[in-house]
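**Student:** Quick one, structure for this:
(2 chains)
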Protein chains: 2
Amino acid sequence: MNDQKSDNITRVEHRIPTPEREKRNKHKGGVLWFTGLSGAGKSTLAFALEEELFKRGYQVYVLDGDNVRYGLNSDLGFSPEDRTENIRRVGEMAALFADAGIICLSAFISPYREDRQMARKAAGDKFHEIYVKADVATCEERDPKGLYAKARAGEIKEFTGVSAPYEEPERAEVVVDTSFAPVDSCVVKALDYIQAHLLIP
Amino acid sequence: MNDQKSDNITRVEHRIPTPEREKRNKHKGGVLWFTGLSGAGKSTLAFALEEELFKRGYQVYVLDGDNVRYGLNSDLGFSPEDRTENIRRVGEMAALFADAGIICLSAFISPYREDRQMARKAAGDKFHEIYVKADVATCEERDPKGLYAKARAGEIKEFTGVSAPYEEPERAEVVVDTSFAPVDSCVVKALDYIQAHLLIP
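**Tutor:** Residues are numbered from 1 along each chain as shown, chains lettered A, B, ... in the order given. Here you go, the predicted model:
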């Protein structure tokens, strides 16, 4: 009797295969990794894209500072070590969202190339890097949260682009330059990429 | 021109409201938190339930040791502090899955009441605790991974139920006793709960 229960206990231990989830959702899971300076427009693009994808019936979710920095990564600051750990955890979490069949839009400065490489490794071929390009001068002029002003005044230390480095992607799958192109056209470019690479006909 | 771009940059920053996701999915997002001893059947139940829910068209995903311990929480061991941090992170991640409209089945021993309370707090009213009950003797007899034998031989330290405590839930939303009930009936019980509480008619 116990043996029989034991048999019951082990017989069903398998996961829903990702292709089955994808077939159901009519698109692949994936991590779209938005990287770029503060003020470059990562979150803006991610949210605009989420809205467009949702309208089209995709399963989609944005990870950004707002829902990660106060929760999962509330124990981390902005030192190089903590930034690395921040990105490591987001990369692992995003990979699980992708494994669940979701298109996970991840919007973090993620200034270090090696950290982004780690996130890519976690999600494997489901990882797609989107470089949200804008020069420091443009971002500083926008300064939507007043962070550049504070960084220049020395009130924020280790601020990317001012007092901490940003390592540009070398082989991003998509590059959008928000200094020149309006947001809508950047969204369209990212959307085209997703429909070409993640849509299941 | 720059001002106009700046306006573009901020105009679309909002998330898809969770009710819209839920309406689309025809069910609420949620965290179903399976707690219990090693060998009690948490993963077995979670996977069986995932399969049943998937068949019925739900968006559902299992978080367990296999996809969390080697990724997000690969830096953590089994000391009381690390167990707490393990559960804290899983709780925060599961809450984001629920926010994304997914039913997240989380299968971890999670022996400390306070840690589970923390996970509940992260997900708010989307949290549902399922106590997978089985006494140590039953779990030890099953010992599907040979862990109890190793714990008794002193090869594993701080093993829940042998050399580390398990604090039983006091007010779990669902209790299933796998010492007495066959797996199928435990699945049915959990399924009934989900259909009563998470299904949107």
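**Student:** following the helix or strand that A:V175 is a member of, which helix or strand shows up next?
**Tutor:** For A:V175, the element it lies in under DSSP states H and E is strand A:174-177. Later in the chain than strand A:174-177, the nearest helix or strand by DSSP H and E is helix A:183-197.
**Student:** May I see the buried residues of that next one?
**Tutor:** Using 16 or more other Cβ atoms under 10 Å in any protein chain shown as the test for burial, helix A:183-197 gives A:183, A:186-190, A:193-194. Where C-beta positions appear, they are placed from N, C-alpha and C, glycine not excepted.
**Student:** Is chain B within reach of stretch A:189-200?
**Tutor:** No - judged by Cβ under 8 Å from any Cβ of the partner chain, stretch A:189-200 stays clear of chain B, getting no closer than 13.2 Å.
**Student:** so how far is chain B from the residue lying closest to A:V162 once chain neighbours are set aside?
**Tutor:** Spatial nearest neighbour of A:V162, excluding adjacent residues (Cβ to Cβ, 6 or more residues apart in numbering or on different chains): A:A151 at 4.2 Å. Counting by Cβ to the nearest Cβ, to the nearest Å, the gap from A:A151 to chain B is 18 Å.
**Student:** residues near A:A151, how many?
**Tutor:** 21 (other Cβ atoms under 10 Å in any protein chain shown).
**Student:** Distance from the chain centre to the host helix or strand of it, please.
**Tutor:** Assessed by DSSP H and E, A:A151 sits inside helix A:147-152. Relative to its chain's centre, helix A:147-152 lies at 24 Å (Cα atoms, centre = their mean, to the nearest Å).
**Student:** now stretch A:142-149
**Tutor:** On Cα atoms, centre = their mean, the centre of stretch A:142-149 falls 22 Å from that of its chain.
**Student:** just the angle between the longest helix seen in chain A and helix B:80-99, please?
**Tutor:** Counting by DSSP state H, the longest helix found in chain A is helix A:80-99. Interaxial angle, helix A:80-99 versus helix B:80-99 (axes from the mean of the first three to the mean of the last three Cα atoms, to 10 degrees): 50 degrees.
**Student:** gap between helix A:80-99 and the chain center?
**Tutor:** On Cα atoms, centre = their mean, the centre of helix A:80-99 falls 9 Å from the chain's centre.
**Student:** And it, what does it pack against?
**Tutor:** Counting contacts by 3 or more Cβ pairs under 8 Å, 6 or more residues apart in numbering or on different chains; DSSP states H and E, helix A:80-99 is packed against strand A:30-35, strand A:60-64, helix A:65-68, strand A:103-107, helix A:113-123, strand B:60-64, helix B:65-68, helix B:80-99.
**Student:** is it possible to export these to a markdown table including mean neighbour count, distance to B:L32 and mean pLDDT?
**Tutor:** Shown next, in a markdown table, are these (neighbours: other Cβ atoms under 10 Å in any protein chain shown; distance: least, Cβ to Cβ, whole Å; pLDDT from 0 to 100):
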| stretch | mean neighbour count | distance to B:L32 | mean pLDDT |
| --- | --- | --- | --- |
| strand A:30-35 | 28 | 25 | 98 |
| strand A:60-64 | 24 | 19 | 96 |
| helix A:65-68 | 17 | 20 | 90 |
| strand A:103-107 | 28 | 21 | 98 |
| helix A:113-123 | 18 | 25 | 97 |
| strand B:60-64 | 24 | 9 | 96 |
| helix B:65-68 | 17 | 15 | 90 |
| helix B:80-99 | 22 | 9 | 96 |
